[in-house]
Every structure is written in C-alpha cells, then in structure tokens.
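[1] Make a model of this:
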Amino acid sequence: MSFEILDNPKAGRVKRAAALSRKKERLESGKFLVEGPQAVRELLMHRADLIETVFATTGSESWQLEIDRLASEVEVSIERVTEDVLAAIAETVQPQGVAAVARIPETSLEHAFEGARLVAVLHEVRDPGNAGTVLRAADAAGADAVIFSGDSIDPWHPKVVRSTTGSLFHLPVVVEKSLESVLSAAREAGLETIAADVRGAELTGATDDLAGPIAWVFGNEARGLEEAHRTSIGRSLKLPIFGAAESLNLATAASVLLYETAFAQRR
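    Next up, the predicted model:
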C-alpha cells in the first residue's frame, strides 16, 4: 500500500476520475465513481473485482482503518490524497474522505432472470433518489435483480450510487432500453409481470397471489406507464390509500409492493 500522497488536484488521473460524474464519460470509459465510506466498504466487500482505484485521505477515523483493512484483505492498493484532491474528484460538496473508480459490471438479462423469483423493473424512472431507494428496497426485500429500462436514469450516476448505500453491489443490475425485451426475458424465465399503476386493481390484505415468481414494473414518477405497456404487462395493481394522502411516491409504493411480495413468497 503506497503512502506517497497525491496533492495535485489537476493531475490527469484526478481529472479522469472526476469526469465520471458525467454520463458520457461513464459510457465511453465503462467506469463509474463510488463515493463515501459506506459505498466503498460495500464495494470492497462484495465486488472488489470491479475496483480500478481507491482514493483516500490520511487519518485514523474508524472508517479509514476499516477501509485499509478491507483493501489489504482483497489486495487492492489505496492511493493517498489530500482533501483538496478528493474534493476535486468527488461530486458531493462535502466528500467524506474516500472515493473509488470501478468498472461497470456487465450482466445480461438472461443471467439476471435465471432462477429469479423477485425482480424490480424501473421504466422511465428519472429521479436518482427514487431509483436508488427502489434498488435499496429491492435488495432488502431479497430481490434477485433490478432492471433499468427505457430512458431511466443511469444506475451508475453518482447520486444513484450514493442513495443505494452499497446495495448496488449486492445484486445484478441491468440496463436494457427495450421494455418489451425485459418483459419477454422475464416470461421466458417463468416470472409473472405486474405493473404498479394507480389505474390497477387495489392490492388487498390477501396477497397469496403474489407468492409466485414476479417481476414488478414501476413507471415514471409523473406519468406512470403508457397504456400500451400496461396492456403488454398484463396485470396492474395499486396500493390502497386509507388516509387523506393524495398518493404515495414511487419509492414508497415500490418498497411496500416488493416487501408484500417477499412476505407472500416466504409464507
């Protein structure tokens, strides 16, 4: 592990890492930026094979000692940097002392659906906080994969990566432009496709019909799913509103539906 400190914010490797905050650079390089102790910790623990570089400031805080230990265990070297250099790399205004550059994993639809019982499909979901929260909820509910389709936000966007708090490294994540291709792959793998949609039937307390393998499809935050997509998906369900709230936001509704399915599948 090198202890030479990189102190030039304009160094080439610093600029290349910082450029990964832009989608164009991520697509061209096949790499993305991971920021903060929690995300880098999960990356080291679960997908160290993806790591190209870890940048970290010096110090003796608990997370720094843990990051050093984990990096040593998986034989990943750490590049020591000044706070100014880390600030130049990070997208956040107040970086937390560590960031990593990692390769975007390549996972096919067929691999993601193979043997799956619960999959979340995000179609035209644009908000990074919503996308990250749904991915995190899918991970917590024991889902087997998360698929981003249509013009959904890039799952490797720094804000999405941060909001997943490491769940991005726990399960397969696939980007597939065509929703029809996603639905076809799901059905070929034996999963029922269900749209989460306010125009669907209300989900009641009896959720035994969610016990089989299911791929939930969540649409755009403002528009939901197009009628043609709802028709091709088949069944549509919505959560009932028992109070005075006008609606539930996408991430909240998705979290409840994923957990309801997880409960039904485990009964």
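[2] Can you show me the strands along the stretch 1-150 of the chain?
    Using DSSP state E, counting those that start in this stretch, the strands assigned to the stretch 1-150 of the chain run over residues 5-6, 31-35, 51-56, 78-81, 98-103, 118-123, 145-149.
[3] Residue 248: which of the ones you listed is closest?
    Among the strands of the stretch 1-150 of the chain, strand 118-123 comes nearest to residue 248, with 15.9 Å by Cβ to Cβ. (Each C-beta comes from the backbone N, C-alpha and C, glycine too.)
[4] between that closest one and strand 145-149, how many degrees?
    20 degrees (axes from the mean of the first three to the mean of the last three Cα atoms, to 10 degrees).
[5] just how off-centre is strand 118-123 within its chain?
    The chain centroid and the centroid of strand 118-123 are separated by 11 Å under Cα atoms, centre = their mean, to the nearest Å.
[6] Could you list every helix and strand that that strand packs against?
    Packed against strand 118-123 by the contact rule (3 or more Cβ pairs under 8 Å, 6 or more residues apart in numbering; DSSP states H and E) you find helix 128-140, strand 145-149, helix 179-188, strand 214-218, helix 250-266.
[7] okay, those in TSV with distance to residue 17 next?
    Below are these laid out as TSV (distance: least, Cβ to Cβ, whole Å):
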stretch	distance to residue 17
helix 128-140	19
strand 145-149	23
helix 179-188	32
strand 214-218	32
helix 250-266	29
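[8] Residue 181: which of the strands of the stretch 1-150 of the chain is closest?
    That would be strand 145-149 among these, by Cβ to Cβ, at 8.1 Å.
[9] any idea which helix or strand comes after that closest one?
    Downstream of strand 145-149, the first helix or strand assigned by DSSP states H and E is helix 158-163.
[10] Identify the residues contacting that following helix?
    The contact list for helix 158-163 (Cβ atoms under 8 Å, 6 or more residues apart in numbering) reads 20-21, 32-36, 39, 91-92, 128-129, 131-133, 135-136, 153-155, 168.
[11] Output that helix as PDB, restricted to C-alpha atoms.
    What follows is helix 158-163, C-alpha atoms only, in PDB (Å, rounded to 0.1, in the frame of the first residue of the first chain):
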ATOM      1  CA  PRO A 158     -23.100   9.300  -8.600                       C
ATOM      2  CA  LYS A 159     -26.400  10.300  -6.800                       C
ATOM      3  CA  VAL A 160     -27.900   6.900  -7.500                       C
ATOM      4  CA  VAL A 161     -24.800   5.100  -6.300                       C
ATOM      5  CA  ARG A 162     -24.800   7.100  -3.100                       C
ATOM      6  CA  SER A 163     -28.500   6.600  -2.400                       C
END
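[12] what mean pLDDT would you report for it?
    Helix 158-163 shows a mean pLDDT of 95.
[13] List only buried entries from the contacts of helix 158-163.
    Neighbour counting over the contacts of helix 158-163 (16 or more other Cβ atoms under 10 Å) leaves 20-21, 32-36, 39, 91, 128, 131-133, 135-136, 153-155, 168 as the buried ones.
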